[in-house]
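In: I'll drop the sequence and a predicted model, then ask my questions.
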Amino acid sequence: MGSAPGGPPDDPDEPDRIHRQRDTEPIPRTPRDDGPGYSDDAGFSTGPSYSDGPSYSEGVGYADSGRGGYLPPEFSEDELAGLRTDAAGMPIGPRRVLPLEDEPSSLVARYLFPTERYRGEWKRHWIHLTTPLLIGTAATFALGYLSGFLARQDVRGLTTAAVIVWFAVMGWVAWQVGDWYFDRFILTNKRVMVVNGIITRKVGMMPLLRVTDMKYEQSPLGRMLNYGTFVLESAGQDQALREVKHLPNPNELYLRVVEEMYEPQAVEARLGKADDDIKADDGA
């Protein structure tokens with residue numbers, strides 16, 4: 001007679017027999033070393049893992065893929081030269097400067113001796129002509145007003161005098177423009193020079209070896225229009241070149257003068273390389 005579902009078993013010794021059987025018979029276990037575990041089979045070491053399979057290093061990764069994968073940018077040595085800096089944060093390598101004429105103008109060449117190397121010449125900034133141009137403009141408006149006023153007064157002699165004064169003012173303005181055109185600041189490998197004057201020519205010079213201090217000043221307007229005033233000191237003596245006003249590109253000019261004073265070999269090397277490049281282009 002069977003027992004009811006959920007009720008006690010018919011044989012009261014059956015639980016003890018089951019426990020004894022469990023204690024005497026070993027329970028079969030599945031070894032982890034031979035199955036699909038972590039080592040020999042499709043595991044993380046020798047199977048399709050992160051190293052030998054289609055992974056990020058040797059498989060179809062981001063570096064070697066030709067199907068739209070990411071490739072690191074490549075830079076040439078010339079492109080990286082301007083980005084390298086030393087411990088002080090200064091750029092390493094040749095500095096790029098604005099190109100200048102290789103030969104001096106006829107106005108300047110007569111003042112250079114044969115063994116002197118020409119580095120450049122600069123006219124003063126157009127701001128140097130502000131005062132003459134303003135005076136000429138004001139004189140023109142004044143002449144127009146006086147001509148109309150004197151015509152109504154029927155005073156022809158005063159009208160003629162006003163025209164003569166206007167011509168005199170415009171002649172002075174033209175003289176100032178001509179003087180600005182012939183006014184040059186010159187740099188060589190041995191000295192700095194200033195040449196000015198139309199009829200009476202003035203030539204001032206200072207050897208680079210005697211320059212003890214040099215600076216340039218820029219007003220807010222000078223920074224906007226890119227001009228400045230150079231101040232040169234030479235052994236505590238008054239010099240004709242102590243102050244040179246309204247020079248264009250003052251930062252570039254300052255670097256050129258300082259480089260010529262302290263690194264003449266670098267200037268020669270750069271200019272020599274530029275000459276070699278030009279000859280190579282001509283030969284090609």
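Out: All right, it came through fine. The shown structure was predicted, so the numbers you read here are calculated from the model rather than taken from an experiment.
In: any idea how many residues pack against residue 221?
Out: Other residues near residue 221 come to 9 when the count uses other C-beta atoms under 10 Å. For the C-beta atoms, the positions are set from N, CA and C on the backbone; glycine is no exception.
In: show me what contacts it?
Out: residue 127 (C-beta atoms under 8 Å, 6 or more residues apart in numbering).
In: in the stretch 151-284 of the chain, where is pLDDT below threshold?
Out: For the stretch 151-284 of the chain, the stretches flagged by pLDDT under 70 are 156, 236-240, 271-284.
In: can you give me the strands in it?
Out: For the stretch 151-284 of the chain, the strands defined by DSSP state E, counting those that start in this stretch cover 184-188, 191-196, 202-207, 213-217, 227-233, 243-248.
In: state the pLDDT value of residue 12.
Out: With respect to pLDDT, residue 12 scores 59.
In: for the stretch 101-250 of the chain, which segments are assigned as helices?
Out: Counting by DSSP state H, counting those that start in this stretch, the stretch 101-250 of the chain has helices at residues 106-109, 130-153, 156-182, 220-225, 250-262.
In: could those helices go into a markdown table alongside distance to residue 242?
Out: What follows is these, written out as a markdown table (distance: least, C-beta to C-beta, whole Å):
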| stretch | distance to residue 242 |
| --- | --- |
| helix 106-109 | 21 |
| helix 130-153 | 22 |
| helix 156-182 | 20 |
| helix 220-225 | 18 |
| helix 250-262 | 15 |
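In: deepest-packed of those, please.
Out: Mean neighbour count (mean count of other C-beta atoms under 10 Å) peaks for helix 250-262 among those, with a mean of 16.
In: ok, residue 207 to residue 191 distance?
Out: 5 Å (C-beta to C-beta, to the nearest Å).
In: quick one: which of the two has more around it?
Out: Remark: of residue 207 and residue 191, residue 191 carries more neighbours, 18 against 10, as counted by other C-beta under 10 Å.
In: residues contacting residue 260?
Out: Neighbouring residues of residue 260 by C-beta under 8 Å, 6+ apart: 119, 187, 189, 208, 267.
In: max pairwise distance over the residues you listed: which two?
Out: Spatial extent of the contacts of residue 260 (C-beta to C-beta) is set by the pair 208 and 267 at 11.7 Å.
In: list only those of the contacts of residue 260 flagged as buried.
Out: 119, 187, 208, 267 (16 or more other C-beta atoms under 10 Å).
In: tell me which of those is nearest to residue 216?
Out: For those, the closest approach to residue 216 (C-beta to C-beta) belongs to residue 187, at 13.7 Å.
In: what are the bridge partners for that closest one, then?
Out: When bridges are called by DSSP bridges, residue 187 pairs up with residue 120, residue 192.
In: from the buried ones among the contacts of residue 260, which single one is nearest residue 220?
Out: Of those, the one sitting nearest to residue 220 (C-beta to C-beta) turns out to be residue 187, at 26.8 Å.
In: correct me, but the closest one touches residue 117?
Out: No: at 9.9 Å, residue 187 does not count as touching residue 117 under the criterion of C-beta atoms under 8 Å.
In: joint contacts of those two?
Out: With contacts taken as C-beta under 8 Å, 6+ apart, residue 187 and residue 117 have no neighbour in common.
In: residues contacting residue 166?
Out: 139, 140, 142, 143.
In: again, 6 Å this time
Out: Counting by C-beta atoms under 6 Å, 6 or more residues apart in numbering, residue 166 touches 139, 143.
In: quick one: it from residue 147, how far?
Out: Remark: distance between residue 166 and residue 147 (C-beta to C-beta) = 9 Å.
In: now swap in residue 266 and tell me
Out: Residue 266 is 62 Å from residue 147, by C-beta to C-beta.
In: and if you look at residue 262?
Out: Residue 262 is 60 Å from residue 147, where distance means C-beta to C-beta.
In: then residue 170?
Out: Residue 170 sits at a distance of 15 Å from residue 147 (criterion: C-beta to C-beta).
In: and for residue 233?
Out: Residue 233 is 52 Å from residue 147, by C-beta to C-beta.
In: got it, and residue 231?
Out: Counting by C-beta to C-beta, the gap from residue 231 to residue 147 is 46 Å.
In: just residue 242 next, same as before
Out: Residue 242 is 46 Å from residue 147, where distance means C-beta to C-beta.
In: so residue 118 is in contact with residue 104, correct?
Out: Yes: assessed by C-beta atoms under 6 Å, residue 118 is found in contact with residue 104 at 4.8 Å.
In: many thanks, I have nothing further to ask.
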